[in-house]
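Q: Build me a structure from this.
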Amino acid sequence: MAMEDNHSPSTQSRAWLWVILGLGIFIVLLLGVFSLVYFHDNSPPNDADLRVRDAVVPAEQNGLVQLRKLPGGLDFGYYAESQGVDEVEATKILNGASTNDQVVDKFLAQAQPNLEQLDAVLQLPYFSDNDVSSPTTRLPEIGLGISYAKALRLSASRHQALGDYTAAVQDAARIHLLARRLVEGHKSLLQVLTAVAIDGIGRMAAQKLLDDSALPAASSAALAQEYSREISWTGGLQRSLNYEYLLLLNYLNMIKTGRTTPATLLGTTSTGIPFMNLSIRENETKQAAVDYYRDLRQALNKPYSVSNGMAFANIKNYIGDNKEVKYWLRPNLAGRSMLGVLIPNIDSIAVTMYTATAVDRLLQTECTLRLYFDDHHALPPTLNDLVPAYLPDVPLDPFNGKPLRYDAARGIIYSVGTSLKDLGGSSRITTSPHGSGDEDPLNDRSQPTLQLEFQNPPVMKTPTVTTH
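A: Take a look at the predicted model:
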């Protein structure tokens, strides 16, 4: 019997079948290893501290819910335009650099019922926000709160001009209270930043009052009492991180339940990125956010000089990108992209919160200096002279943890700011006519400074009696 030729067609076919089978097995194993590496997820993170929410309360007890229901249209700019006042002149009136008593009085008469409703809202026991389902459509308090704050500032200015200092101080205090309530509880970063803007409006009203030589001592004391209730700006930012984490969990759940895809959420398409909608490691994404937010919260407990050294790190430092791997082949591509896009840059926001804290403490100190000025008709040589009669301690600068700076001769109090050096106060501070809208100390974060422009009331001369 003749032996089968090794080069016969049937033998070659079987050899090719083995090659194809081996190649198939190799590809399956390769895909298996790739899947283990690419789709493997970590165990769920311990994130209980970041899942904390405010207590759920009836809507009628929640000031934030009721604030959203307040009437709109309380914008002096639009009203002034309807009365034939141009935008530039309306801005000057708001800043106290110009007057139009007739238009202002008509506007305030129209606004008064709304402001009374705001008073009732500010007294409600809760001011919380637990809804992270649609944050972009539940923020009407941003524009609304600012328009109400501007109306209150205008009211304070008008009351001051009329000599009704009690009402003027109440108006300025209500703006500070509105900012304070907006920072309480768990809120979004945008809501907390809105409170910074509102507090700035109140600060300008308060400073105009403090610089008024006719301000009664009782009104000075009432203003000082309101501003002694310090707003916890960094605490508000810490709580907002909880809110932002819950927002991220909501997005991840929407992906998990098929209500959206990463590509849709990020506003992109998966063209050229074939694994975008598949490559999401839910737990790994959560863990990166947890690590980032926890480090931020720990840093915010310390003065800026320390926390900045710890670095308000960019979220990219927690994603762990491997630049050697082609972009669309990197594991957890969708999770990385979500964190990079959805988590805001906390660095600049944190500086804003430290600056807001510094300026609040500067204004608190200015109020106390006005009380001292009322009693002694002069500024004290040092801030230590305010302790303990006017202050329990000299307020600390949140940037370096040391007492605020004060120059009695130049009439300024200031913070070392982001420079962390005593530069003698801001070079941008200006002495200008009262109420003309001085440089906002928030604008110079390197050295936030307040100018003291206290004036003694004019001395009334005793008329000379002539005898004949």
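Q: can you pull the contacts of the most centrally placed residue in the chain?
A: The centroid of the chain falls nearest to residue 193 when counting by Cα atoms, centre = their mean (2.7 Å). Counting by Cβ atoms under 8 Å, 6 or more residues apart in numbering, residue 193 touches 349, 352. Bear in mind the C-beta positions are built from the backbone N, C-alpha and C, glycine included.
Q: Residue 200 versus that one, what's the distance?
A: According to Cβ to Cβ, to the nearest Å, residue 193 stands 11 Å off from residue 200.
Q: Which parts of the stretch 101-250 of the chain are helices?
A: 101-122, 141-161, 165-183, 189-210, 217-227, 233-256 (DSSP state H, counting those that start in this stretch).
Q: do the stretch 251-400 of the chain as well
A: Under DSSP H, counting those that start in this stretch, the stretch 251-400 of the chain gives helices at 262-265, 282-299, 304-310, 316-319, 333-342, 346-376.
Q: Including distance to residue 418 and mean pLDDT, could those helices go into CSV?
A: Below are these laid out as CSV (distance: least, Cβ to Cβ, whole Å; pLDDT from 0 to 100):
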stretch, distance to residue 418, mean pLDDT
helix 262-265, 34, 77
helix 282-299, 15, 89
helix 304-310, 7, 77
helix 316-319, 21, 74
helix 333-342, 25, 81
helix 346-376, 6, 92
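Q: what's the closest of those helices to residue 180?
A: helix 346-376 (9.9 Å; Cβ to Cβ).
Q: what's that closest one packed up against?
A: When contacts are defined as 3 or more Cβ pairs under 8 Å, 6 or more residues apart in numbering; DSSP states H and E, helix 346-376 sits against helix 189-210, helix 217-227, helix 233-256, helix 282-299, helix 304-310, strand 412-414, strand 449-451.
Q: could I get the ones you listed as TSV with distance to residue 349?
A: Shown next, in TSV, are those (distance: least, Cβ to Cβ, whole Å):
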stretch	distance to residue 349
helix 189-210	6
helix 217-227	23
helix 233-256	7
helix 282-299	10
helix 304-310	13
strand 412-414	22
strand 449-451	22
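Q: Of those, give the one that comes closest to residue 144.
A: Judged by Cβ to Cβ, the one of the helices and strands packed on helix 346-376 that comes nearest to residue 144 is helix 189-210, at 9.6 Å.
Q: tilt between the closest one and helix 233-256?
A: Calculated by axes from the mean of the first three to the mean of the last three Cα atoms, to 10 degrees, helix 189-210 forms an angle of 160 degrees with helix 233-256.
Q: Enumerate the positions of helix 189-210 that are buried.
A: 189, 191-196, 198-210 (16 or more other Cβ atoms under 10 Å).
Q: average pLDDT across it?
A: In this model, helix 189-210 carries a mean pLDDT of 92.
Q: distance between it and the chain's centre?
A: From the chain centre to the centre of helix 189-210 is a distance of 12 Å (Cα atoms, centre = their mean, to the nearest Å).
Q: Can you redo the helices of the stretch 101-250 of the chain as TSV, where the extra columns are distance to residue 348?
A: Below are the helices of the stretch 101-250 of the chain laid out as TSV (distance: least, Cβ to Cβ, whole Å):
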stretch	distance to residue 348
helix 101-122	29
helix 141-161	18
helix 165-183	18
helix 189-210	10
helix 217-227	26
helix 233-256	12
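Q: Which one of the ones you listed lies nearest to residue 366?
A: Closest among the helices of the stretch 101-250 of the chain, once you apply Cβ to Cβ, is helix 189-210, at 6.0 Å.
Q: Of all the helices of the stretch 251-400 of the chain, which one is nearest residue 105?
A: helix 346-376 (28.3 Å).
Q: what's downstream of the closest one, the next helix or strand?
A: strand 405-407 (DSSP states H and E).
Q: ok, residues contacting that next one?
A: Everything outside strand 405-407 that qualifies as a contact, by Cβ under 8 Å, 6+ apart, is 365, 382-383, 397, 412-416, 422, 424-425.
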